[in-house]
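K.L.:
I need the structure of the sequence given here:
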Amino acid sequence: MSKITGEFDKLALPRAGLVRRMAALLYDSFLVFAIWMLLGFIFQLFTGIGHTQITDDQLETNPYLSNLLFSLMIFSCVSFYCWFWLKSGQTLGMLAWRLRLETTSGNSLKTKQVLVRWLVSWPSFLLLGFGYLWLYIDRNGDTLHDKLSGTKVILIPKSERPF
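P.N.:
Model prediction:
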């Protein structure tokens with residue numbers, strides 16, 4: 001197989017469908033939740049439980065510590081996705097479902113692209129999945145956050161397995 005044929009085959013890889021994307025997202029959410037549990041445990045080790053009290057059958061926590069923990073959770077989620085996308089174009093869920101994130105132009109992924117993708121993907125999902133359902137309207141099969149970040153999610157053939 002020549003180099004030209006290999007490059008042509010790479011360009012001809014199909015876009016990922018909605019079911020595979022959601023399955024990879026579910027897989028990754030288990031990993032992110034595990035990171036959050038570990039983060040919460042470590043946070044409790046350093047802050048203790050003295051900032052939490054029950055008054056009138058309501059659990060009250062220190063708002064500053066709660067906001068700090070929430071910020072750490074958001075930062076860990078952003079770091080998880082951006083690190084994997086910049087490193088290999090695949091999170092662990094994407095690897096399991098044979099998906100890879102690439103730029104539409106074929107260049108390497110940039111930090112700005114993956115940050116835009118992450119920031120836009122949340123509203124895409126939370127607004128009744130409209131941004132994800134966009135792939136049924138788009139002629140290339142891209143979601144709204146694919147379009148806005150200049151990326152695409154492709155389906156990798158079984159022959160290109162990394163292990």
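K.L.:
correct me, but residue 47 touches residue 61?
P.N.:
No: between residue 47 and residue 61 there is no contact under Cβ atoms under 8 Å: 10.1 Å. (C-beta placed from N, C-alpha, C; glycine too.)
K.L.:
mean confidence for stretch 149-161?
P.N.:
The average of the pLDDT scores along stretch 149-161 is 89.
K.L.:
So which bits of it are buried?
P.N.:
Within stretch 149-161, the residues that count as buried by 16 or more other Cβ atoms under 10 Å are 149-154, 156.
K.L.:
Now do the helix or strand hosting residue 37, average pLDDT.
P.N.:
According to DSSP states H and E, residue 37 maps onto helix 18-47. For helix 18-47, the mean pLDDT works out to 95.
K.L.:
Neighbours of the residue lying closest to residue 133 once chain neighbours are set aside, how many?
P.N.:
Closest residue to residue 133 apart from its sequence neighbours, by Cβ to Cβ, 6 or more residues apart in numbering: residue 18 at 7.5 Å. Burial of residue 18 is recorded as 14 neighbouring residues (other Cβ atoms under 10 Å).
K.L.:
Is residue 18 in contact with residue 131, as I believe?
P.N.:
No: using Cβ under 8 Å, residue 18 is not in contact with residue 131; the gap is 11.3 Å.
K.L.:
Residue 97 contacts residue 18, correct?
P.N.:
No: taking contacts as Cβ under 8 Å, residue 97 lies outside contact range of residue 18: 11.9 Å.
K.L.:
Check the gap between residue 160 and residue 154 for me.
P.N.:
Distance of residue 160 to residue 154, given as Cβ to Cβ, to the nearest Å: 10 Å.
K.L.:
re earlier: how about the helix holding residue 37: buried residues?
P.N.:
For helix 18-47, the neighbour count (16+ other Cβ under 10 Å) marks 20-21, 23-25, 27-28, 32, 36, 43 as buried.
K.L.:
Next SSE downstream of that helix?
P.N.:
strand 52-55.
K.L.:
Can you check what angle separates the helix or strand hosting residue 84 from helix 18-47?
P.N.:
According to DSSP H and E, residue 84 maps onto helix 63-87. Angle between the axes of helix 63-87 and helix 18-47 is 140 degrees (criterion: axes from the mean of the first three to the mean of the last three Cα atoms, to 10 degrees).
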